[in-house]
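In: Using only what follows, build the 3D model:
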Amino acid sequence: MRLMQTIPLFASIPEIAAAAAATSLYLNITAIGAQSGSSTLECWQMTKPFNTSAEPGISGTAQADLGSVSSLGFNIIPPAFDGGIHNAPRNQWVAFLSGLAYITLPNDPETSAYVTGGEFGLVFAADTADVSEEGHRTEYPGLTETVALQIPTVDGKVPDHKVLHDGPCVAGEVTGVRDFAMTNSRPAVDADAMFPMGL
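Out: Residues are numbered from 1 along each chain as shown. Sure thing, here's the model as predicted:
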């Protein structure tokens, strides 16, 4: 993801958010979709760009609107767990907070995605039984538990998006937000000064 505007290294939070809006920064995510009755992995770009938040506590920062949601589930998945082949129970966001997920497709052994928990752990699952005959397989090969939020959308709405390409998003397509934030952040904290005895 390339930004078309140069921003000063010591930009303020409102300047960062304004620059995000000016450069039309978009959120890219890996999605589990379906075509012709089979599940697919695709790289989606949300059609709404980041905007400037007015919410207290994060006012002036860049924010992406992911749409309305109907509920929220908190899941703790043990290490080496195999979720088997399954369909998405409903159209939903899945935010992996920690751990590791490995997603494969029964009808396409060449396509797979590793999803690490944290800032790049957001996926959208839309391969429900009405559009995919078999679904997908999710395994959790990490050495520790995986924590994930299941976030179904209101009325099963799929967010407005465009498909960038078949297959999962690659690192450069999802790290643009981090690159943008790091380019426009305050100077780094001196860890030696904070932890003179080491970590």
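In: how near is the most centrally placed residue in the chain to residue 59?
Out: What sits nearest the mean C-alpha location of the chain, by C-alpha atoms, centre = their mean, is residue 122, with 2.5 Å. For residue 122, the distance to residue 59 (C-beta to C-beta, to the nearest Å) stands at 23 Å. All C-beta atoms are positioned from the backbone trio N, CA, C, and that covers glycine.
In: Same question for residue 135.
Out: Here the criterion is C-beta to C-beta. By it, residue 135 lies 41 Å from residue 59.
In: Looking at the two, which has the bigger crowd around it?
Out: Between residue 135 and residue 59, counting by other C-beta atoms under 10 Å, residue 135 is the more crowded of the two (23 against 13).
In: tell me the contacts of that one?
Out: 39, 85, 86, 87, 88, 106, 127, 129 (C-beta atoms under 8 Å, 6 or more residues apart in numbering).
In: Of the residues you listed, select the buried ones using a PyMOL command.
Out: Only the buried members of the contacts of residue 135 end up in this PyMOL selection, burial being decided by 16 or more other C-beta atoms under 10 Å:
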select buried, resi 39+87+88+127
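In: just checking, residue 69 touches residue 154?
Out: Yes. Here residue 69 reaches residue 154: they are 6.4 Å apart, a contact under C-beta atoms under 8 Å.
In: With neighbour numbers in mind, choose between the two.
Out: residue 69 (15 against 11).
In: Tell me which stretches of the protein form helices.
Out: Counting by DSSP state H, the chain forms helices over residues 13-22, 171-174, 176-183, 191-194, given from the N-terminal end onward.
In: which residues sit against the second one?
Out: Helix 171-174 has contacts (C-beta under 8 Å, 6+ apart) with 1, 28, 29, 30, 43, 120, 164.
In: Now for the residue nearest to residue 166 when sequence neighbours are not counted: which residues touch it?
Out: Distances taken as C-beta to C-beta, 6 or more residues apart in numbering place residue 42 nearest to residue 166, at 5.9 Å, with adjacent residues excluded. If you count contacts by C-beta under 8 Å, 6+ apart, residue 42 has them with 30, 31, 33, 163, 164, 165, 166, 167, 168.
In: All set now, cheers.
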